[in-house]
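Asker: Okay, here's the prediction I keep looking at, along with the sequence it came from:
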Amino acid sequence: MEKIVIVTGGAGYIGSHTVVELFLAGYTPIIIDDFRNSKPWILDRITQIVGKEITAHTVDCQNELAFNEVLSTYKAIYGIIHFAADKAVGESVNQPIKYYQNNIGSLCVVLNALKKFDIKNFVFSSSCTVYGETLTPVVTEESPIMPPASPYGDTKIIGERIIQNYWKTTSDAKVMLLRYFNPIGAHPSALIGELPQGIPNNLMPYITQTAKGKRDSLTVFGGDYHTPDGTAIRDYIHVSDLAIAHVKALTYLEKSSTKLFDYLNIGSGKGTSVLELIKTFEEVNHLKLNYQIGNRRPGDVEQIFANADKAKKIIDWTCKFSLKDALLHAWEWEKSLTT
Ligand code: UDP
């Protein structure tokens, strides 16, 4: 019997890569996305990669009636992977209610649907942002949850708590929260990748757009951190590896005969500074990037990277792609874009 998996936000950056990996692993992904932050042509690209059209429904996940109507057309739904959310940290500071309304509102709709349609398996996009201003650079799942630096981060902390409270009321729900570190790169085919709207907030698309000449110069936010080269350290992970983590998490949930609630760090386990990322990008792609050191960005933590031992142990997940692969693929993707 086919295993239908609803992927909210399935046309987005991480969602689209996960749809591909789900399909390749034998699942039947169904996309629910309202394309507010993604493009419908990504669906054709997914088809090109997997050789089959993936069903997609244009629905805002906050619209409970419409969401449930879509779900009611499927006989048995195996699981939901919930990506649909707003994700721009800076914007969330200026428009907090937009973030609480969309990220928390849609999560509640999805959790109600789990119960209504008796769907057992649930995977949620959380973030390493829940660790906030970390006490140590390397974080395990036992590291304390710190006060959020932004409303976006708060929606992830609150979201995790809402899910746990939901889970406590069920007799058989199986839930995995994935705390992502910094996803970068694109599918090796260069057919799907990140599509930032307007001026990118994140480092990777800013680098590729600068390399392409779309932006004049990259500003490195802070050169006076207490790190070996003075720039901030993050844990960058190839988006396809992150996508595979979702598939492995789902397969793990499926195997459990009892109710289950757990959370995993999904990161490479390696810290990379902004300057190291720039230099490696220049090296693997044989180009020079125009950049200068500027002020620190408010809200940024100095360094954070994952201890991802638990993901290795529990779902047998480790990164397949190197940092260099991710930087090559990010550049191939950028070059393929016409705008
Ligand atoms: N960064 C930078 N210049 C930029 C964008 C980001 O130096 O134009 C830095 C940022 O300060 C952080 C790292 O790159 O140290 C990763 O930032 P990003 O926004 O990609 O992800 P975050 O870790 O904030 O979620």
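Answerer: Everything's here; your move. Here the structure is a predicted model, which is why all the values come from computation and not from measurement. Numbers count the residues shown, from 1 in each chain.
Asker: I'd like to know the average pLDDT value across stretch 31-51.
Answerer: Throughout stretch 31-51, pLDDT has a mean value of 97.
Asker: Could you pull up the contacting residues of Tyr252?
Answerer: Residues counted as contacts of Tyr252 (CB atoms under 8 Å, 6 or more residues apart in numbering) are Met176, Ile314, Ile315. Any C-beta I mention is one placed from the backbone N, CA and C, and that applies to glycine too.
Asker: Among those, which ones are in strands?
Answerer: Met176 (DSSP state E).
Asker: Can you turn the buried part of the contacts of Tyr252 into a PyMOL selection?
Answerer: To isolate in PyMOL the members of the contacts of Tyr252 that are buried, counting by 16 or more other CB atoms under 10 Å, one can use:
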select buried, resi 176+315
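Asker: export the contacts of Tyr252 to CSV and tack on pLDDT?
Answerer: Putting the contacts of Tyr252 into CSV (pLDDT from 0 to 100) gives the following:
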residue, pLDDT
Met176, 98
Ile314, 98
Ile315, 98
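Asker: Could you pull out the helices in the stretch 151-300 of the chain for me?
Answerer: Assigned by DSSP state H, counting those that start in this stretch, the helices in the stretch 151-300 of the chain fall at 151-168, 203-212, 239-255, 274-285.
Asker: got those helices as TSV, with distance to the ligand and mean pLDDT columns?
Answerer: Output for the helices of the stretch 151-300 of the chain, formatted as TSV (distance: least, CB to the nearest ligand atom, whole Å; pLDDT from 0 to 100):
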stretch	distance to the ligand	mean pLDDT
helix 151-168	9	97
helix 203-212	4	98
helix 239-255	13	97
helix 274-285	5	98
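Asker: and the stretch 51-200 of the chain, which residues reach the ligand?
Answerer: When proximity is defined by CB under 6 Å from any ligand atom, the stretch 51-200 of the chain lies next to the ligand at Asn182.
Asker: Of all the residues in the stretch 1-150 of the chain, which one is nearest the ligand?
Answerer: Nearest residue of the stretch 1-150 of the chain to the ligand, counting by CB to the nearest ligand atom: Val89, 6.3 Å away.
Asker: can I assume that residue is in contact with Asp154?
Answerer: No - with contacts counted by CB atoms under 8 Å, Val89 stays clear of Asp154, the gap being 10.8 Å.
Asker: how close does the closest residue to Gly90 other than its chain neighbours get to Ala190?
Answerer: Nearest residue to Gly90, sequence neighbours excluded (CB to CB, 6 or more residues apart in numbering): Asn201, at 5.7 Å. Computed as CB to CB, to the nearest Å, the Asn201 to Ala190 distance reads 23 Å.
Asker: Neighbour count: those two, which is higher?
Answerer: Ala190 (18 against 15; other CB atoms under 10 Å).
Asker: Closest one of the contacts of Tyr252 to Glu142?
Answerer: Closest approach between these and Glu142, by CB to CB: Ile314, at 13.9 Å.
Asker: OK, contacts around that closest one?
Answerer: Tyr252, Asp262, Leu264.
Asker: wait, which of those residues is closest to Leu111?
Answerer: Nearest to Leu111 among the contacts of Ile314, with distances taken as CB to CB, is Asp262, at 16.9 Å.
Asker: Touching, that closest one and Met176? I think so.
Answerer: Yes - judged on CB under 8 Å, Asp262 makes contact with Met176 at a distance of 5.7 Å.
Asker: Which of the helices or strands spans Ile145?
Answerer: Taking DSSP states H and E as the definition, one finds Ile145 inside no helix or strand.
Asker: Spell out which residues sit in contact with the residue nearest to Gly90, please.
Answerer: Neighbouring residues of Asn201 by CB under 8 Å, 6+ apart: Ala88, Val89, Gly90.
Asker: What residues does Leu328 make contact with?
Answerer: Contacts of Leu328 (CB under 8 Å, 6+ apart): Val284, Asn285.
Asker: so it sits in a helix?
Answerer: Yes - according to DSSP: H, G, I helix; E, B strand; the rest coil, Leu328 belongs to a helix.
Asker: so how far is Phe67 from it?
Answerer: For Leu328, the distance to Phe67 equals 38 Å [CB to CB].
Asker: and if you look at Phe122?
Answerer: According to CB to CB, Phe122 and Phe67 sit 15 Å apart.
Asker: neighbour count winner among these two?
Answerer: Comparing Phe122 with Phe67 by other CB under 10 Å, the one with more neighbours is Phe122, at 26 against 23.
Asker: can I assume the more buried one sits in a helix?
Answerer: No - with three-state DSSP as the criterion, Phe122 is strand rather than part of a helix.
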